[in-house]
Structures are given as structure tokens and as C-alpha cells.
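J.: Could you look at this predicted model? Sequence included:
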Amino acid sequence: MMLLRFLSLALAALPLSLSVLPAAAERPPIRITADLSDAPRKLYHAEIDLPVSPGPITLITPQWIPGTHMPAGPAGSITGVVFTANGQALPWRRDDVNLYEFHLIIPEGVTTLHAHLDCIVTSRVSQKLAVLEWEKLLLYPANTPVRDISIQPSLIVPAGWGVGTALTPEGASSYPVPAAGTTTHFAATTVEQLEDSPILAGEYFHEYPLAPAISPKHYLDVASDYPEDSRLRPAFLAEVSNLVREADALYASHHYHVYHFLLTLSDVAGGEGLEHGQSSDNGVGEKGFSDAAHQLPEADLLSHEFTHSWNGKYRRPAGLYQPDFATPQHGAMLWVYEGMTEYLGNVLAARSGLKTQAQYRDVLAMTAARLEYTPGRLWRPTEDTAVAASLLRGGNPAWYNWRRGQDYYFEGELLWLDADTLIRKLTGGKKSLDDFEKIFLGKGGNTGPLIVPYTFDELAADLNQVAPYDWAKFLHDRIDKINPHADVEGIERGGYKLVFRDKPSASEHTIEANGRGSRSGLDCWYSIGLRLSSDGQIRDVLWNGPADKARIAPGYKIIAVNGRMFSNDVLRDAIRESKGSRDPIHLLLQADDFIRTADIDYHGGERYPALERVDGATDYLDEIIAPLTKPEVIPEDQSKQTDQ
Ligand SMILES: [Zn+2]
């Protein structure tokens, strides 16, 4: 989200410390008070005082939000904007082209402009908790690097709510849980850092210290809609502490003064996973971590977002670092930013026990199979899914497999597994991707929050330092080119192969039963080529697969199968019985307001992906997911609780 792509390669490789930039210190700070008192009514308020000089001024709200990889700023939800100076209202006009900009004329004699604004909030908020991502309320001078703009934040939350954030409370040595009705003041920072420092506030708020022997300090801050949900299981807390220890061992550096995992457990506040340098905003359902089965679909959430503190926040592709939140970000290297994080997040989840090693392999099989059965790969290279990331976020699942989605995450996971096993093979097991991470993500040693951009050439050079090889070609071959098949070389070099079985793996079964949204429902992708929600609605049809050849389309709903009313079991039975039968599977379908029939000419039985050990092969995959540290269990009584 910043400037460095304009600098020379040599300069771009140097850490750019926020503290050496004089501009932020010389100007008086903007003062912003965020008022979350109305959070249960889905409204946030802000009072902002901006230092100004007489004459024209352009103020702006954020558009390209770091980590979202798209222009997702909330300008359309900002309301009630009133500017005053010396008690007089000042007129404003929105820019005709950049709709995020407000133009004003500051009168003579005015040095402080006051702005009031409200934001209508539709996600990350419920009756009992709220997450403030500061871009919802920020307003600051346009055309100025946001790392140069000083700002002092304050916060008001509903009476009795606890607060979790990586921001430093002013004058306080400990972590703030404000008394009813009080305002918490935080130390001055920059607009860049404030945007990167969300707040979690909630009535049922707990703060759990993690891995006490590791420095700096790590906390898990959790808020839920019901009191019992945020009293997290000791086993889960022990696994998150293991995660902190495993990350410490893997990266051997850190780029934060303190780290806060912010976590909501709510069916209302929505799912989320947004990385920040010193914290992460994580949202799962009410019961998301209530037991091991619910945990599995979310098992790599915290490890993924935590990894981003190193990969994505500290080290960022130069094109994704812009001087302000108005300049478009360039997604071309998201297969490193997200793809390598996807790989490392899953490896760390397995090393810390957030998922078992068998679950790691099952989920990896599901990922590899999904990519292999994505016909969009026949026309679209993986790099294009990254370049076009902002077009591919969200959207309709219809023909998703022919369009491709944000495959740079999962293609990246396979690519970095391929690289990891290749390094292990090239060096006779002496080196691994862990060694590369220590170089690439640890450059400059321990730092505070900092953004150090990189280029493709630096990435290839650092890989080469660990194991000499033509890494530029290795990466180009897998990213820029059309590849009809998924990259399963890492799995195979790791001692396994992708196979299809007639029963889902234990993990696939658990995810189907406990996952939410697109992770629930019946998956007959590898047999008849259909993905369904649990009521029989067809989410997607495999391009050129058996159901596609029967002219079935996404959005149709299955009413009956072979003359029997639809249920998951009825369809499964029909697919199973297709083996050895000459009859097609006969479907009755609702297509918009019409009824139609389709005959699927398929006779292969059920098919679900799994990894199978290859006897006698190297066991790199098992080696990769073995813990680096000794697991410890955290005593339960270390949690601080506001609802008891
Ligand atoms: Zn990510």
C-alpha cells in the first residue's frame, strides 16, 4: 500500500523505517475519536480535528484497503458529514472523478478543521461486539503519503465492553479494558499504521496471553455474542500458543512490538480473516472453535493471518505497496503474498496441532483435486488470477470453475510445497523452505511494524542462496504459463500421490458437516461434476463434465433423483449405484420457474480425493509438518475475563 515501486531496485530493498521520516513528527497530529456507542445499531461515529492552513484543501477517505486486494473503501457507507471551523459550518464538494475526495476552502485565521462523520456498518458487528477497521472513519489530506500523516486516536465503546487492539494506550502500561463511559486515548501514530491497527470491542470479551516464554508478547483477544463461546477450550489455547512458538522457530524474527489475534465468535458478525502487522481480524461462527470438529474448517485461519505479519505486511510485493490508499495496488505477485501464506499457514497449523497431520494431508488432497478439476486453467494462467484479483473476489459461484477464482492462493500452496520438497531434495535434506523464510522474511532481524517491498528478482535470488537452481524459470513455468494440470510434484516428491476413493476422507466428511456457507453441502465434483448446497441447489457445474454434457446449469435445483425426492443420501446412492449400471442418472430439476429433466450418462461411482503414501518414497511431506518445538499446555486461569 505504499510508494516504493517508484524507487530504484537497490533502494527498494532497504528497510524504510517510519521513524526516520521527519514529516510525520513536524506537523501536529490529526485527532480522531471513534465512538462505537451505537455499534449495536450498526453505526460508528467519528469526531476528527485536522490541522489546516487557509486556502483550498482536499480531504480523502481510503479506497484501496491493504489486504483486501480490491478498492473496497466504505465511501458509499459514510454519512452525516459536517465540516466546521471556529464553530461555523463550512461548505464542501465531492470530487467529480475521485468520489472518495472532499474539496473545501479553509477561511483565513482557521488552523483546525473539525469534521463529523458516521459510517453505516454492515459486517463485523452485532449486539454484543464490534470490530473497528479504521478505514471506516478515516479522513485525511489527499495526495500525501499516509505514512507521513500523524494521527492521535481515541476510542469510546459501550459501557462495560472490553477492548483488544495492538494500539498503545496513552500513559498506560497494561492493556486497556476501559471503565464504563470513558474514553481511551492511544499514542499518536500515522494514518498508515492506524489503518493497520483495528479494534475489537465486546461485552463478552476475554484476553488470553499466549506462549509466555516468547518475546514480544502475544495475546488472543476474543469477543462473542454469548458468554460461553468466548471461554475458549484449553486445548485450543494450547494450540494457539504452540502456533506462536512454531512461528518463532520458523521465522526466527518478528516485525511487531506486540501481537494481538483479534477473534469474533458470532453467527451475526460474519466470517473474516484480515491481516495486519501487529494484529489480525479473525471472524468465525459462534461455535467455530467450540470443538475439534468445528475447528477443522477454520484450522488454518489464525496461522494464515499470523504468517501475513511476515509475508505480506513486513515483506510486500513492490506493486502492492502504494504511497496512499488511493493508488491502485498491483496484484501480480499475490501468489507469493497469499500463495506462500496459504502454504505456511497450513504447515504451521499442522505443526501446532490446530489440525492433525492426517487432516493436513486430507485437506491438501482436496486442494490439489479441486485445482486439477478447474478447467479454467486451460485458458487462464495462475498469474492472471492474481493480476485480476479485484475482479475475482466474491461474486457468483456459477461457472466459477471455468472462470477460475482466486486460485493464486491454492496454486501458490502447491507451488511452495513443490519448492520446499525440491530444496530438500537438492540439498540432501540439509536445507528446506524454512531456511529461505529466515532469509526472505527475516531480513533486517527483529523490527517494529515496517514494510519492506521486494521484487521477483529478489525472491529468486534468495531461493538461490538456499539451494542453487534456476528458480526464475521454476516460478515462471508455474505462474505465467497455461498449465493444464495442477502442480502435484511437491506431493509426489513428498512421498504421496493424489488418488480418488469411493468414500470421502474423515476430514472431508467433517468439513461438509461443520463448515459454513460454501464449505457445506454435497460435493459430487469428481463423479458427476456438481457442487450443491444442502437443499439441492446447484452451485456450480464442472465445465465439460458429465452434468455439463447433460445440459445442467448452475442455479438449477434438484427436485428428484431416479424418481425419488432429492436428499443428499438419495443422490449419493444413485451415484454409487451408477457403477456397473447402463442406465443414466435421471434428474428432475427446477430451472427458474420451469421444470425440466436431465439424464447424466455416468457410471463411475462415487469419487473423493485422498493422499496415498507411496511405499519406499522419501517422506518429506511428513517431515515438513512435524513440529519444530515441544508443545506445552497453558493453564486455563491465565485468561482475563470481563464478563465474570
Ligand atoms: Zn491471506
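T.: Ah, there it is. Only a predicted model underlies this, so the values are computations on that prediction, with no experimental measurement involved. Numbers count the residues shown, from 1 in each chain.
J.: which SS state does Ile439 fall under?
T.: At Ile439 the chain is in helix, as set by DSSP: H, G, I helix; E, B strand; the rest coil.
J.: Now do the same for it: its pLDDT.
T.: For Ile439, the pLDDT comes out at 97.
J.: What count of nearby residues applies to the nearest residue to it once chain neighbours are set aside?
T.: The shortest distance from Ile439 to any non-neighbouring residue, by CB to CB, 6 or more residues apart in numbering, is to Asp462 (5.1 Å). No exception for glycine: its C-beta is placed from N, CA and C like everyone else's. The number of residues packed near Asp462 is 19, by other CB atoms under 10 Å.
J.: did I read that right, Asp462 in a helix?
T.: Yes. Checked against three-state DSSP, Asp462 lies within a helix.
J.: now it: how far from Lys438?
T.: Distance of Asp462 to Lys438, given as CB to CB, to the nearest Å: 10 Å.
J.: rewinding a little: list the contacts of the residue nearest to Ile439.
T.: By CB atoms under 8 Å, 6 or more residues apart in numbering, the contact set of Asp462 is Phe436, Ile439, Phe440.
J.: In contact with the second one, which residues?
T.: Meaning Ile439. Applying CB under 8 Å, 6+ apart, we find Ile439 in contact with Asp462, Gln465, Val466.
J.: Which pLDDT does the model give Asn514?
T.: We have a pLDDT of 80 for Asn514.
J.: and if you look at the one 4 residues further on?
T.: The predicted structure scores Ser518 at 65 on the pLDDT scale.
J.: Ok, Ser534 next?
T.: 84.
J.: what number of residues lie near the closest residue in space to it that isn't next to it in sequence?
T.: Excluding its sequence neighbours, the residue lying closest to Ser534 (CB to CB, 6+ apart) is Gly521, at 4.9 Å. Using other CB under 10 Å, Gly521 is surrounded by 17 other residues.
J.: how close does Gly521 sit to Trp161?
T.: Taking CB to CB, one finds Gly521 at 36 Å from Trp161.
J.: Also Leu441?
T.: Leu441 is 35 Å from Trp161, by CB to CB.
J.: same check, this time on Pro145
T.: For Pro145, the distance to Trp161 - CB to CB - is 34 Å.
J.: same thing with Arg607?
T.: For Arg607, the distance to Trp161 - CB to CB - is 50 Å.
J.: okay, the two: which has more neighbours?
T.: Taking neighbours as other CB under 10 Å, Arg607 and Trp161 compare with Trp161 leading, 23 against 18.
J.: how about Asn143, secondary structure?
T.: coil.
J.: pLDDT wise, what is the nearest residue to it once chain neighbours are set aside at?
T.: Closest residue to Asn143 apart from its sequence neighbours, by CB to CB, 6+ apart: Thr58 at 6.9 Å. As predicted, Thr58 sits at a pLDDT of 98.
J.: Kindly report the same for Glu192.
T.: As predicted, Glu192 sits at a pLDDT of 98.
J.: Near it, how many residues? Count them for me, please.
T.: Other residues within reach of Glu192, judged by other CB under 10 Å, total 25.
J.: so where does it fall, helix or strand?
T.: helix 191-195 (DSSP states H and E).
J.: now the residue nearest to Ser534, what's its secondary structure?
T.: On the basis of three-state DSSP, Gly521 is classed as coil.
J.: Contacts only, for it.
T.: Gly521 touches Glu512, Arg531, Leu532, Ser533, Ser534, Arg539, counting by CB under 8 Å, 6+ apart.
J.: Strands - which of those residues land there?
T.: Arg531, Leu532, Arg539 (DSSP state E).
J.: Including neighbour count, could those residues go into a markdown table?
T.: Shown next, in a markdown table, are the ones in strands among the contacts of Gly521 (neighbours: other CB atoms under 10 Å):
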| residue | neighbour count |
| --- | --- |
| Arg531 | 22 |
| Leu532 | 21 |
| Arg539 | 18 |
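J.: What residues are bridge-paired with the most centrally placed residue in the chain?
T.: The centre of the chain sits closest to Gly273, judged by CA atoms, centre = their mean, with a distance of 4.0 Å. Gly273 has these beta-bridge partners by DSSP bridges: Asn282.
J.: That one and Tyr360: what is the separation?
T.: 18 Å.
J.: ditto for Ala598
T.: Taken as CB to CB, the span from Ala598 to Tyr360 is 38 Å.
J.: neighbour-wise, which of these two wins?
T.: Comparing Ala598 with Tyr360 by other CB under 10 Å, the one with more neighbours is Tyr360, at 24 against 19.
J.: in which helix or strand would I find the more buried one?
T.: Going by DSSP H and E, Tyr360 is in helix 357-372.
J.: And for that helix, what's in contact with it?
T.: 296, 299, 346-347, 349-350, 355, 377, 407, 410-411, 413-414, 417, 485-486, 488, 491, 496, 498, 500, 505-508, 511, 525-526, 609-611, 621-622, 625-626.
J.: Which ones among those residues map onto helices?
T.: 346-347, 349-350, 410-411, 413-414, 417, 491, 506-508, 511, 621-622 (DSSP state H).
J.: for those, which one is nearest Arg31?
T.: Ala349 (40.8 Å; CB to CB).
J.: Spit out the contact partners of the closest one.
T.: Counted by CB under 8 Å, 6+ apart, Ala349 has contacts Leu243, Ala299, Asp300, Ser303, Lys355, Tyr360.
J.: again with Leu463
T.: Contacts of Leu463 (CB under 8 Å, 6+ apart): Ala419, Ile423, Phe436, Tyr469, Trp471.
J.: tell me the pLDDT at it?
T.: 98.
J.: Could you do Met2 as well?
T.: 26.
J.: ranges for the strands of the stretch 201-350 of the chain?
T.: Using DSSP state E, counting those that start in this stretch, the strands of the stretch 201-350 of the chain run over 204-210, 218-224, 259-265, 272-275, 279-284, 315-317.
J.: With distance to Asp593 as added columns, please give these in CSV.
T.: What follows is these, written out as CSV (distance: least, CB to CB, whole Å):
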stretch, distance to Asp593
strand 204-210, 46
strand 218-224, 42
strand 259-265, 39
strand 272-275, 36
strand 279-284, 37
strand 315-317, 48
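J.: Can you add distance to Ile48 and mean pLDDT and give those strands back as a markdown table?
T.: Listed next are the strands of the stretch 201-350 of the chain as a markdown table, based on distance: least, CB to CB, whole Å; pLDDT from 0 to 100:
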| stretch | distance to Ile48 | mean pLDDT |
| --- | --- | --- |
| strand 204-210 | 26 | 97 |
| strand 218-224 | 26 | 98 |
| strand 259-265 | 23 | 98 |
| strand 272-275 | 23 | 97 |
| strand 279-284 | 22 | 98 |
| strand 315-317 | 28 | 98 |
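J.: for those strands, which one sits closest to Asp96?
T.: Of the strands of the stretch 201-350 of the chain, nearest to Asp96 by CB to CB is strand 272-275, at 31.3 Å.
J.: just how off-centre is that closest one within its chain?
T.: Relative to the centre of its chain, strand 272-275 is centred 4 Å away, using CA atoms, centre = their mean, to the nearest Å.
J.: by contact count, what packs against that strand?
T.: strand 279-284, helix 301-307 (3 or more CB pairs under 8 Å, 6 or more residues apart in numbering; DSSP states H and E).
J.: any idea which helix or strand carries Ser390?
T.: Assigned by DSSP H and E, Ser390 falls in helix 389-392.
J.: need the next SSE after that helix, C-terminal direction.
T.: Assigned by DSSP H and E, the successor of helix 389-392 is helix 400-403.
J.: for the record, mean pLDDT for that next one?
T.: pLDDT averaged over helix 400-403 gives 96.
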